[in-house]
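S.K.: quick one, fold the following:
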Amino acid sequence: MKKLLTALFTVLSISLFAQVPRTVVVEHFTNTRCGICASRNPGLFTNLNNNPEVLHLAIHPSSPYSSCIFNQEDVAGNDGRTNYYNIYGGTPRIVVQGSVISPSTSFADATLFSSQSGQTSPFNVRVNIDNIDATQATVSVVVKTEASHSFTDLKLFTALAEDTVFYNAPNGENTHYNVFRTSVFETNGKTITPAVAVGDSVMFTETVMLGSNWDWSRLVGISILQESGNKNVVQAASSKSQLFTTTQSIETAPFQLYAAANKLFFNANEEGIFEVQVYSLQGQLLKQLQSNGQDEWTFDDVVTGAYLIRIQQDGKGWTKVLPILN
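M.R.: Numbering: from 1, shown residues only. Sure thing, here's the model as predicted:
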């Protein structure tokens with residue numbers, strides 16, 4: 001019996017503290033005035049449609065066409081990310097998992113992504129975006145250690161992008177996907193020290209100014225965690241794909257829910273009683289609240305971190321992860 005219990009404990013330990021699947025990300029360097037881009041990009045999008053789990057970020061450097069409107073939105077950000085990989089000067093180019101792909105490689109090559117699938121990571125990354133007012137948003141990124149590792153420092157690159165932009169470009173492309181708008185922290189990535197203990201997290205928050213010509217409803221946060229030296233991607237995440245796990249769409253919920261500093265704000269668009277529960281990311285219920293329309297709650301007794309907020313009304317439920325800062 002003792003041996004059986006020991007074996008069971010070992011199995012449970014492995015399952016609780018095992019590495020997690022590593023998300024594949026492709027950074028796509030293109031330009032709205034580049035005719036070659038218009039002919040090669042469809043192959044990449046077909047490839048992405050066949051691999052919907054792959055994250056995609058489109059960056060528009062100013063070379064060879066500085067008049068690209070997407071580049072002009074943030075020249076330093078677009079060009080900085082291109083120079084980070086030393087590929088400034090020509091488009092289109094792609095970088096998969098931090099590795100620069102030869103310009104002669106077909107974008108439609110199925111092995112671009114399949115060769116990277118099935119890998120694991122000792123980290124889980126979560127991204128969240130919350131509107132503060134009509135001009136700025138708070139972006140928070142949580143890096144959680146899921147398994148033992150030997151990393152002492154990593155680069156965390158986070159960007160805001162629009163998942164779809166409809167623009168009749170000079171090169172003939174009319175629909176543009178995951179268009180880079182601005183860097184959240186530093187252009188070449190923020191140097192971070194990940195938590196050592198399994199189960200611990202580090203969190204980073206930044207307030208970002210929003211462009212008046214952006215479609216804010218289409219904003220997505222994309223985070224890429226990389227090795228500092230060889231730029232290999234350790235983990236990646238998207239705000240829309242990882243944080244909004246709901247039984248109802250949070251984007252069409254009959255209320256607004258956002259956080260600022262150590263306060264949680266709730267404003268309902270319709271009458272009724274809303275049950276509000278606050279959980280730790282480990283699933284521990286911390287607060288049980290109730291609102292019949294509009295409320296503001298202050299959390300002085302919780303540590304800075306990301307928390308899962310659960311809203312329920314008339315059998316419907318919504319969840320959202322928000323940062324609380326003390």
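S.K.: next SSE downstream of the top strand by length along the chain?
M.R.: For the chain, the strand with the greatest residue count under DSSP state E is strand 154-166. Per DSSP states H and E, the first helix or strand lying C-terminal to strand 154-166 is strand 175-183.
S.K.: mind listing what's buried in that next one?
M.R.: Residues of strand 175-183 classed as buried: 176-183 (neighbour count, 16 or more other CB atoms under 10 Å). To be clear about C-beta, it is placed using only N, CA and C from the backbone, and glycine gets the same treatment.
S.K.: what's it in contact with?
M.R.: Applying CB atoms under 8 Å, 6 or more residues apart in numbering, the external contacts of strand 175-183 come out as 28, 32, 45, 56-60, 70, 73-74, 77-78, 80-81, 157-167, 169, 208-209, 211, 214, 219-220, 222.
S.K.: just the C-alphas of that strand, formatted as CSV.
M.R.: Included here for strand 175-183 are C-alpha records, laid out as CSV according to Å, rounded to 0.1, in the frame of the first residue of the first chain:
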residue,chain,number,x,y,z
THR,A,175,-8.2,42.7,-45.9
HIS,A,176,-5.3,42.8,-43.4
TYR,A,177,-5.0,40.5,-40.4
ASN,A,178,-3.5,41.0,-37.0
VAL,A,179,-2.1,44.4,-37.9
PHE,A,180,0.6,45.6,-35.4
ARG,A,181,-0.5,48.9,-33.9
THR,A,182,2.0,49.6,-31.0
SER,A,183,4.4,47.9,-28.6
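S.K.: the stretch 1-150 of the chain: strands as residue ranges?
M.R.: Using DSSP state E, counting those that start in this stretch, the strands of the stretch 1-150 of the chain run over 20-21, 25-29, 55-59, 93-96, 99-100, 120-121, 123-131, 136-145.
S.K.: packing partners of the last one?
M.R.: Contact partners of strand 136-145 among helices and strands, from 3 or more CB pairs under 8 Å, 6 or more residues apart in numbering; DSSP states H and E: strand 123-131, strand 154-166, strand 201-209, strand 219-227, strand 305-313, strand 316-324.
S.K.: dump those strands to a markdown table, plus distance to residue 94 and mean pLDDT.
M.R.: Output for the helices and strands packed on strand 136-145, formatted as a markdown table (distance: least, CB to CB, whole Å; pLDDT from 0 to 100):
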| stretch | distance to residue 94 | mean pLDDT |
| --- | --- | --- |
| strand 123-131 | 21 | 84 |
| strand 154-166 | 16 | 94 |
| strand 201-209 | 26 | 91 |
| strand 219-227 | 14 | 94 |
| strand 305-313 | 31 | 83 |
| strand 316-324 | 30 | 81 |
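S.K.: shaky segments in the stretch 151-300 of the chain?
M.R.: 240-251, 281-283 (pLDDT under 70).
S.K.: switch to 90 and redo it
M.R.: For the stretch 151-300 of the chain, the stretches flagged by pLDDT under 90 are 163-164, 186-188, 209-220, 229, 239-261, 269-272, 275, 277-288, 293.
S.K.: same question for the stretch 1-150 of the chain.
M.R.: 1-19, 49, 52, 110, 117-118, 128-140.
S.K.: where do the helices sit along it?
M.R.: Counting by DSSP state H, counting those that start in this stretch, the stretch 1-150 of the chain has helices at residues 2-16, 35-50, 69-73, 75-84, 111-114.
S.K.: figure out which of the ones you listed is closest to residue 255.
M.R.: Among those, helix 69-73 comes nearest to residue 255, with 31.5 Å by CB to CB.
S.K.: packing partners for the closest one?
M.R.: By 3+ CB pairs under 8 Å, 6+ apart, helix 69-73 packs against helix 75-84, strand 175-183.
S.K.: what comes up buried for stretch 265-283?
M.R.: Within stretch 265-283, the residues that count as buried by 16+ other CB under 10 Å are 265-266, 268, 274, 276-279, 281.
S.K.: stretch 215-235 now?
M.R.: Buried residues in stretch 215-235, counting neighbours by 16+ other CB under 10 Å, are found at 219-226, 231, 233-235.
S.K.: wait, which of these is closest to residue 150?
M.R.: Using CB to CB, these come closest to residue 150 at residue 234, 11.7 Å.
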